[in-house]
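**Student:** Show me how the following folds:
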Amino acid sequence: MVPTISLCMICKNEEATLGRCLDTVRGLVDEIVVVDTGSTDETKQVAARYGCKVYDFEWMDDFAAARNYAFSKATCDFILWLDADDVLLPEDQQRFAQLKETFDLTVDVVTMPYHYPADEHGYAGLKWIRERLLRRTNGYRWVGAIHEYLEAYGKIATSDVVITHRPEHTSSDRNLRIYEQRWDSRMEFAPRDLYYFANELLDHSQWTRAREFYLRFLDTHEAWVEDVIAAYGKISDCYFNEGQVDEAIVWALKSFQYDTPRAEQCCRLGYYFLTQDRIREAAYWYTVAVEAKLPEGHTAITLSQCSTWLPHLQLCVCYDRLGDYESAYKHNEIALAFCPTDERMLANKQYLAARRVEKFQVT
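**Tutor:** Numbering: from 1, shown residues only. From the prediction side, this is the model:
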């Protein structure tokens with residue numbers, strides 16, 4: 001038996017992306033619920049053209065409330081949730097169709113990788129796993145006014161259907177404003193709230209306050225280890241942006257007490273040393289990044305560039321400065337294998353080929 005699926009979405013002023021999203025789920029879902037939280041553009045009209053069930057919801061600075069309302073309007077066996085700037089690429093549409101045909105009806109929750117957003121070479125900037133398909137009758141609820149999450153339980157299955165995030169909007173101060181209002185109102189902040197408040201401050205270049213809230217977050221000793229590791233790196237970024245490179249290095253290194261060195265942290269350290277013209281130290285950390293194993297566990301958040309082309313490109317830079325053109329050429333070739341049309345790497349190839357010839361002739 002193939003399960004029926006309700007797609008549930010919350011939207012506001014998404015006329016530019018909603019149709020693109022819905023085009024990628026045509027024929028894959030049986031019902032589309034769109035909850036509009038106050039659009040002033042053609043979002044609701046776009047939804048209506050796609051046959052969506054459209055509901056209005058008064059916005060109250062609470063994403064979980066809006067998503068829970070959308071879930072309450074679903075009628076099918078399972079609920080799929082997406083944002084308007086998410087898409088399923090053609091290969092993932094095929095995977096989703098196959099998932100439906102072979103679905104294990106004893107499963108309560110299906111997780112899917114989330115890629116956000118891709119770089120110019122198609123490598124995801126961030127990759128992690130989220131619960132995407134949920135049994136409706138289990139009554140799963142969203143928690144958290146901002147950066148909300150699902151309280152999912154039961155029999156959970158993994159899937160290779162990737163949800164790709166393709167944002168069109170520029171960043172705004174909406175989330176920061178909501179957090180500031182809640183903090184000023186002395187509302188209780190869970191560790192997760194402190195972490196995401198700090199992220200918003202970091203995104204708005206408020207380095208000192210961001211560090212303050214990352215430290216508040218770490219002091220709770222109640223946080224998810226992936227967020228803890230990330231927080232140390234982000235504290236180091238704050239120090240670096242304030243010109244305190246030594247402190248930045250110290251805080252990046254502190255993350256290693258929670259797991260083996262992550263490629264992201266090693267690339268961060270490599271960059272810090274490179275900016276200080278400490279080339280051998282930079283090369284060391286980029287080499288560790290190349291050799292670093294991906295974290296175990298499907299919930300880990302990774303930056304795919306740091307495990308693919310980026311450390312090799314930076315090693316090319318390091319070895320060039322050290323006069324080791326053979327090693328520079330080798331790492332540029334590896335980077336090119338990941339990104340065969342990259343103009344920087346193609347220029348490096350030509351430049352380093354000439355330097356290798358010059359060195360050979362001199363020798």
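
**Student:** hey, where'd the strands end up in this structure?
**Tutor:** Secondary structure of the chain (DSSP state E): strands at 5-11, 31-36, 53-56, 78-81, 86-87, 109-118, 124-135, 142-143, 149-150, 156-158, 163-165.

**Student:** what residue lies at the spatial centre of this structure?
**Tutor:** Nearest to the mean C-alpha position of the chain, by CA atoms, centre = their mean, lies residue 126 at 3.2 Å.

**Student:** what's the closest non-adjacent residue to it?
**Tutor:** Closest residue to residue 126 apart from its sequence neighbours, by CB to CB, 6 or more residues apart in numbering: residue 116 at 4.9 Å. Just so you know, the C-beta spots here come from the backbone N, C-alpha and C atoms, and that holds for glycine as well.

**Student:** correct me, but that neighbour touches residue 162?
**Tutor:** No. Checked against CB atoms under 8 Å, the pair residue 116 and residue 162 is beyond contact range at 10.6 Å.

**Student:** wait, doesn't the residue nearest to the centre of the chain sit right on residue 164?
**Tutor:** No. Judged on CB under 8 Å, residue 126 makes no contact with residue 164 at a distance of 11.5 Å.

**Student:** Quickly list what's touching both of those two.
**Tutor:** Overlap of the contact sets of residue 126 and residue 164 (by CB atoms under 8 Å, 6 or more residues apart in numbering) consists of 115-116.

**Student:** hang on, the earlier thing: distance check, the residue nearest to residue 126 against residue 128.
**Tutor:** 8 Å (CB to CB, to the nearest Å).

**Student:** do the same with residue 222
**Tutor:** Applying CB to CB to residue 222 and residue 128 gives a distance of 20 Å.

**Student:** Between the two, point out the one with more neighbours.
**Tutor:** Taking other CB atoms under 10 Å, residue 222 and residue 128 do not tie; residue 128 has more neighbours (16 against 10).

**Student:** I'd like to know the beta-bridge partner residues of the more buried one.
**Tutor:** residue 114 (DSSP bridges).

**Student:** Touching, it and residue 111? I think so.
**Tutor:** No. Between residue 128 and residue 111 there is no contact under CB under 8 Å: 9.9 Å.

**Student:** on that earlier part again, please tabulate the strands of the chain in JSON lines, including the columns distance to residue 263 and mean pLDDT.
**Tutor:** JSON lines is the format used below for these (distance: least, CB to CB, whole Å; pLDDT from 0 to 100):
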{"stretch": "strand 5-11", "distance to residue 263": "34", "mean pLDDT": "98"}
{"stretch": "strand 31-36", "distance to residue 263": "38", "mean pLDDT": "98"}
{"stretch": "strand 53-56", "distance to residue 263": "43", "mean pLDDT": "98"}
{"stretch": "strand 78-81", "distance to residue 263": "30", "mean pLDDT": "98"}
{"stretch": "strand 86-87", "distance to residue 263": "26", "mean pLDDT": "96"}
{"stretch": "strand 109-118", "distance to residue 263": "17", "mean pLDDT": "88"}
{"stretch": "strand 124-135", "distance to residue 263": "12", "mean pLDDT": "87"}
{"stretch": "strand 142-143", "distance to residue 263": "31", "mean pLDDT": "96"}
{"stretch": "strand 149-150", "distance to residue 263": "25", "mean pLDDT": "94"}
{"stretch": "strand 156-158", "distance to residue 263": "22", "mean pLDDT": "96"}
{"stretch": "strand 163-165", "distance to residue 263": "21", "mean pLDDT": "94"}
